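J.: Got a predicted model here, sequence first, then my questions.
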Amino acid sequence: MNIFKRIFGTSPQPPPKTWPNHPTWGALKNSVTLQTEDGPRFLWTVECGDLSLPSGRLVACDPFVFLSPSDTPFILAPKGRFPVVVTLADVSDQQDRSHIREAYASIIFSREVEACRKSIPLAKDGEARPEMKGDDFVGFGVDAGTACFVDESVIGPCMPDPKSWHKSLFENDRVDSWFHRMDDPAHIREGIANITLPLAKNGENLILFHSGWGDGVYPVIGSFDPAGHLLAAHIDFLVLK
């Protein structure tokens, strides 16, 4: 995992809030136009259904490359079933919906008022979690243009032999293959899928989505209330700046 730092430049005192508390942050903004460094960006949200989090060990990863029955890095989140929302951005120059990218993926734990945001480091069980300051983050890698949310504790029990995943689950001619579900506009929309894991007994699932511009390293950002309670976790695909 790599540590990245984004800098938004300088301005007269007092300085503006920086990422991820910058004014162009747009997760969960629906039917809103933001003015960004690249021009106006129209945003809207897509509801993806609920994600099962029986352990609260929330994984954000590339499901086709880095999903593992064990030792997948995670963040600590509440336990339960929670809604997942993808925020889309129109990045076309004409703002005519001709170029759409996934800007954020969010899982919502509470609808209380947000006080601040900060990056949350993903770590394997037993690994130290460094305290993130400013606009530093420890991100997760994407190599197949796709990211997901899933509970770390269900991957092993609810998935078959990892050696069979690619041909039996990910990419084949069946309509229930993960690639087919993700590309099916009649499911949720093209680029998003809510998939019940093949050996699930209690509705354990995984929600996957295209990753903004594609491959890269992306942070998980937490929304917190004034008391420091986690309200939501977001993957920022770094589409807006």
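T.: Received the coordinates, thanks. Bear in mind the structure is a predicted one, so any value in this text is a computation, not a measurement.

J.: low-confidence ranges in the chain?
T.: For the chain, applying pLDDT under 70 flags the ranges 1-16.

J.: chain center to the longest strand along it: distance?
T.: For the chain, the longest strand by residue count, based on DSSP state E, is strand 39-53. Counting by Cα atoms, centre = their mean, to the nearest Å, strand 39-53 is centred 10 Å from the centre of its parent chain.

J.: For that strand, name the packing helices and strands.
T.: Packing partners of strand 39-53 (3 or more Cβ pairs under 8 Å, 6 or more residues apart in numbering; DSSP states H and E): strand 32-36, strand 80-90, strand 100-108, strand 146-151, strand 192-196, strand 205-210. Where you see a C-beta, it was placed from the backbone N, CA and C, and this is true even at glycine.

J.: Now mean neighbour count and distance to residue 139 too, for those, in JSON lines please.
T.: Below are the helices and strands packed on strand 39-53 laid out as JSON lines (neighbours: other Cβ atoms under 10 Å; distance: least, Cβ to Cβ, whole Å):
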{"stretch": "strand 32-36", "mean neighbour count": "14", "distance to residue 139": "21"}
{"stretch": "strand 80-90", "mean neighbour count": "20", "distance to residue 139": "18"}
{"stretch": "strand 100-108", "mean neighbour count": "23", "distance to residue 139": "14"}
{"stretch": "strand 146-151", "mean neighbour count": "26", "distance to residue 139": "11"}
{"stretch": "strand 192-196", "mean neighbour count": "20", "distance to residue 139": "21"}
{"stretch": "strand 205-210", "mean neighbour count": "24", "distance to residue 139": "16"}
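
J.: Among those strands, which comes closest to residue 124?
T.: With Cβ to Cβ as the criterion, residue 124 lies closest to strand 146-151 of the helices and strands packed on strand 39-53, at 14.8 Å.

J.: Now do the following helix or strand past that closest one: which elements does it pack against?
T.: Scanning forward in sequence from strand 146-151 by DSSP states H and E, the next helix or strand is helix 152-158. The contact analysis (3+ Cβ pairs under 8 Å, 6+ apart) places helix 152-158 against strand 57-61.

J.: The strand it packs on: what's the following helix or strand?
T.: strand 75-76.

J.: Would you give the sheet partners of that following strand, along with the direction of each?
T.: If you go by DSSP bridges, strand 75-76 pairs up with strand 57-61 (antiparallel).

J.: would you put the C-alpha positions of the strand it pairs with in CSV?
T.: Provided in CSV are the C-alpha atoms of strand 57-61 (Å, rounded to 0.1, in the frame of the first residue of the first chain):
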residue,chain,number,x,y,z
ARG,A,57,-14.7,-5.5,9.0
LEU,A,58,-15.4,-3.5,5.9
VAL,A,59,-13.2,-4.4,2.9
ALA,A,60,-12.7,-2.0,0.0
CYS,A,61,-10.7,-3.7,-2.8
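
J.: just the angle between that strand and strand 100-108, please?
T.: Per axes from the mean of the first three to the mean of the last three Cα atoms, to 10 degrees, the angle that strand 57-61 makes with strand 100-108 is 170 degrees.

J.: List the contacts of strand 57-61.
T.: For strand 57-61, contacts defined as Cβ atoms under 8 Å, 6 or more residues apart in numbering pick out 67, 72-77, 107, 122, 140, 147-153, 155, 218, 220, 233, 235.
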